[in-house]
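Chemist: would you be able to build a 3D model of this:
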Amino acid sequence: MACPTKQHVDIVEFRKSRLNTVKVRQAVLALFSQHKLKQQSNSTLFSDEKYLQIQLTTWKISGGKKKLLKINLPHPVRSDDVDICLISRDEPGKDSESCIQHVQDLFQEKGVSNIKEVIPLKDLIAEYKSFESRRKLVRMYDMFLADKRIFHRLAPHTGKEFYKRNKYPIRVDMEKFFFHSSMCVATTEHSVEDAVDNVIAAVEGLTTKISNGWNNIKALHLKVEHSIALPIHESLVFEDWWAENKIFKEDIQKMKRQLTLEKRTAETDDKEEVSEQKKARKKVKRKTK
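Modeler: Predicted coordinates:
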């Protein structure tokens, strides 16, 4: 029996998502339940909202220029009317204005338009020392983000007003947010059904935009910060192998680099998860004593 050719392929059909909704719902429910239990064990007094992320692994890597994919979701992750302030790191060798311009240029290049203000860390430390100035700052914006690289330095310079108003900055990995093959599709504040709807819509959008559509998707995982990544789709073979004339040396090198990166990311996530579990157990032991 002869192998099919590209001319025999229904382009719309092979791009269509064939994601199992039941698996998605089970994964979302498990991740949200774990997050809720972790909050209860830590006895948090403020909202500890986390983003639900889709991690995408493909069989073939496009050699084209990296670009931002815009996908419509039925339930917004954040309203367009929300005023967001980003606390950025201090770029080496740059003054405050240059740091702000650097971040704004990056946002403009990637199509991010809902960040209303950028405050470098050194400006936060210098201009918001008093309790009153911090209280005014926290009232000015609906939400705060902070670069992951300076997140550990924020506590002494934000104060209890951020906690009291549930606006403590959310940690953002700037490099992964823009360049890693993952996307935020919901938060732990969404209902399970709304989160499932967003995951389904996001994957349907991805299959229309990536090379080779659904058949090029090797694996899809869901996770929230510091959680394990739960698989919602895995493919053991590239279904469009017959349509490829050659496997170029550059493609193999790219695949090896991607696998190495995924392995390092998984190891880091595992270490962070173990660390979080140890901290949670210690807190429980202290309470029982």
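
Chemist: helix or strand: which one has residue 103?
Modeler: Element membership of residue 103 [criterion: DSSP states H and E] is helix 96-110.

Chemist: mind listing what's buried along that helix?
Modeler: Buried residues in helix 96-110, counted by 16 or more other Cβ atoms under 10 Å: 96, 99, 100, 103, 107. Where C-beta positions appear, they are placed from N, C-alpha and C, glycine not excepted.

Chemist: for that helix, what is the average pLDDT?
Modeler: The predicted model assigns helix 96-110 a mean pLDDT of 82.

Chemist: using CSV, write down the CA coordinates of that helix.
Modeler: The C-alpha coordinates for helix 96-110 follow below in CSV (Å, rounded to 0.1, in the frame of the first residue of the first chain):
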residue,chain,number,x,y,z
SER,A,96,16.5,54.3,35.7
GLU,A,97,15.2,55.8,32.5
SER,A,98,17.2,53.5,30.3
CYS,A,99,16.0,50.4,32.4
ILE,A,100,12.4,51.5,31.9
GLN,A,101,12.9,52.1,28.2
HIS,A,102,14.6,48.7,27.8
VAL,A,103,11.6,46.9,29.3
GLN,A,104,9.1,49.0,27.4
ASP,A,105,10.9,48.3,24.1
LEU,A,106,10.8,44.6,24.9
PHE,A,107,7.0,44.8,25.6
GLN,A,108,6.4,46.7,22.4
GLU,A,109,8.4,44.1,20.4
LYS,A,110,6.4,41.2,21.8
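
Chemist: next SSE downstream of it?
Modeler: strand 115-120.

Chemist: what about that next one, distance to the chain center?
Modeler: 20 Å (Cα atoms, centre = their mean, to the nearest Å).

Chemist: which other helices and strands contact the helix or strand just after that strand?
Modeler: Once strand 115-120 ends, the next helix or strand along the chain (criterion: DSSP H and E) is helix 121-127. Secondary-structure packing of helix 121-127 (3 or more Cβ pairs under 8 Å, 6 or more residues apart in numbering; DSSP states H and E): strand 84-88.
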